[in-house]
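A.B. asks: Fold the following, please.
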Amino acid sequence: MRHKVEGETAYYHLMSRTVGGEALFGDREREVLRKMIWQIAEFSGIRVITYAIMKNHFHVMVEVPGEREVSDAEIVRRYRVLYPEPTPWQPMRAEVLESHLMDGTPQGDELRARLIHRMHDVSWMMKTLKHRFTRWFNQSRERFGTIWSERFKSVLVEGDRWALRTVAAYIDLNAVRAGLVEDPKDYRFCGYGEAMGGGRRARKGLQIVDPDMAGYRQTLYGVGSEERPEKCSFDRKTAVRVLEVEKGKLPLSVVLRCRVRYFTDGWVIGSPDFVRKQVEGGAQPGVRPRKAHLMRGADWGGLSVGTGLRKQLFR
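C.D. replies: Numbering: from 1, shown residues only. Alright, predicted model coming up:
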């Protein structure tokens, strides 16, 4: 999948897991990773909608803007965000970059092109995030080697508010599914928890999904239904029985408290037309084409997924 679509605003759910699913991240590690997500996204010109950092993996949902014009002043500002101090890997100070850009030197032209090339690209953002965190993690433990199991997973999400809200809620409910908290606002390492704790950036991110947050809270808590779902997770065995044996459906707020493969192993999520266009546009010669399927198991509000997943909805 291309991760730099010129002239179009795009939304992605991104996820990466540690080697072997090992629980490497305590509070300190999760806090460092949280700060790095905001820092590298800001340099990239990518907006974080929400995120969740767990003990062995993390999720982040982002908006990549369609407008890509970046002034020299903005390049310098973003450079300062990414490199507040010189490093062995980037010894140049922001003042030097600013001077080259203002004077129009050949080196300035080269630096401008190189820095802009790294912006508005989730592949570069995730590669840099994982590399920086690995370097910090290894240095803090006097170890070496990778801590990540594979390349990050990426799901393209339609910019429709319902699709964005559903995927964002799935991300923010990670700690509830894991049994770490009963209420997502109590988990400090997710976008909703940070927003409810007064984080302005996190609140602005979630306002992309729902400006007044009321509808988003409905999706998180199921407050629009007659009966509120159980406080933690819905037993996988029970969920599979309802879906596979009884051929029934579960309330959306309950399903979002299960680990649903659509959100990590799918390819694209959105309305049937949106998914169909993405599937047809991404077809490659000699490769079995993906198909658009209506999401099953709950009332998903008409959402479809571009994937071959038909069984094992829950992991």
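A.B. asks: How far away from the center of its chain is the helix or strand encompassing Asp109?
C.D. replies: If you go by DSSP states H and E, Asp109 is part of helix 106-117. Helix 106-117 sits 28 Å away from the centroid of its parent chain (C-alpha atoms, centre = their mean, to the nearest Å).
A.B. asks: Could you do stretch 259-275 as well?
C.D. replies: 14 Å.
A.B. asks: ok so, going back, what packs against the very next helix or strand once past the helix holding Asp109?
C.D. replies: Under the assignment DSSP H and E, the closest C-terminal helix or strand after helix 106-117 is helix 122-141. Under the contact criterion of 3 or more C-beta pairs under 8 Å, 6 or more residues apart in numbering; DSSP states H and E, helix 122-141 touches strand 10-17, helix 27-44, strand 57-64. Glycine gets a C-beta too; all of them are placed from N, C-alpha and C.
A.B. asks: can you rerun that using 10 Å?
C.D. replies: Using 3 or more C-beta pairs under 10 Å, 6 or more residues apart in numbering; DSSP states H and E, the elements in contact with helix 122-141 are strand 10-17, helix 27-44, strand 57-64, strand 153-157.
A.B. asks: Throw those into JSON lines and include distance to Val81 and mean pLDDT, thanks.
C.D. replies: Output for those, formatted as JSON lines (distance: least, C-beta to C-beta, whole Å; pLDDT from 0 to 100):
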{"stretch": "strand 10-17", "distance to Val81": "20", "mean pLDDT": "97"}
{"stretch": "helix 27-44", "distance to Val81": "5", "mean pLDDT": "98"}
{"stretch": "strand 57-64", "distance to Val81": "16", "mean pLDDT": "98"}
{"stretch": "strand 153-157", "distance to Val81": "24", "mean pLDDT": "95"}
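A.B. asks: And what about the residue nearest to Arg93 when sequence neighbours are not counted, helix, strand or coil?
C.D. replies: Excluding its sequence neighbours, the residue lying closest to Arg93 (C-beta to C-beta, 6 or more residues apart in numbering) is Pro86, at 5.8 Å. Look at Pro86: counting by DSSP: H, G, I helix; E, B strand; the rest coil, its state is coil.
A.B. asks: In contact with Pro86, which residues?
C.D. replies: Pro86 is in contact with 92-94, 96, counting by C-beta atoms under 10 Å, 6 or more residues apart in numbering.
A.B. asks: ok, Phe58 - how many residues close by?
C.D. replies: Per other C-beta atoms under 10 Å, the neighbour tally for Phe58 reads 27.
A.B. asks: thinking again about what came up before, now tabulate the contacts of Pro86 in a markdown table and tack on pLDDT.
C.D. replies: Converted to a markdown table, those look like this (pLDDT from 0 to 100):
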| residue | pLDDT |
| --- | --- |
| Met92 | 95 |
| Arg93 | 95 |
| Ala94 | 96 |
| Val96 | 97 |
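A.B. asks: Pull out the buried members of the residues you listed.
C.D. replies: Buried by 16 or more other C-beta atoms under 10 Å: Ala94, out of those.
A.B. asks: So which of the contacts of Pro86 belong to helices?
C.D. replies: Among these, the subset assigned to helices under DSSP state H consists of 94, 96.
A.B. asks: can you put the contacts of Pro86 in a markdown table and add distance to Ile37?
C.D. replies: Shown next, in a markdown table, are the contacts of Pro86 (distance: C-beta to C-beta, whole Å):
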| residue | distance to Ile37 |
| --- | --- |
| Met92 | 24 |
| Arg93 | 25 |
| Ala94 | 22 |
| Val96 | 27 |
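A.B. asks: Quick one: residues contacting the closest residue to Met126 other than its chain neighbours.
C.D. replies: Of all residues not flanking Met126 in the chain, Phe152 sits nearest, at 4.7 Å (C-beta to C-beta, 6+ apart). Residues counted as contacts of Phe152 (C-beta under 10 Å, 6+ apart) are 3, 12, 14-17, 58, 60, 122-123, 125-127, 129-130.
A.B. asks: Weed out the non-buried ones from the residues you listed.
C.D. replies: Neighbour counting by 16+ other C-beta under 10 Å classes 3, 12, 14-17, 58, 60, 122, 125-126, 129-130 among the contacts of Phe152 as buried.
A.B. asks: Out of those residues, which two sit at the greatest distance?
C.D. replies: Farthest pair in those (C-beta to C-beta) is His3 and Arg17. Separation: 18.7 Å.
A.B. asks: Which residue ranges of the stretch 201-315 of the chain form helices?
C.D. replies: Along the stretch 201-315 of the chain, counting by DSSP state H, counting those that start in this stretch, helices occupy 214-221, 236-240, 252-255, 262-265, 272-281.
A.B. asks: Do me a favour and average the pLDDT over the last one.
C.D. replies: Helix 272-281 shows a mean pLDDT of 88.
A.B. asks: The helix holding Asp109 packs against which elements?
C.D. replies: On a contact count with 3+ C-beta pairs under 10 Å, 6+ apart, helix 106-117 meets helix 72-82, helix 94-103.
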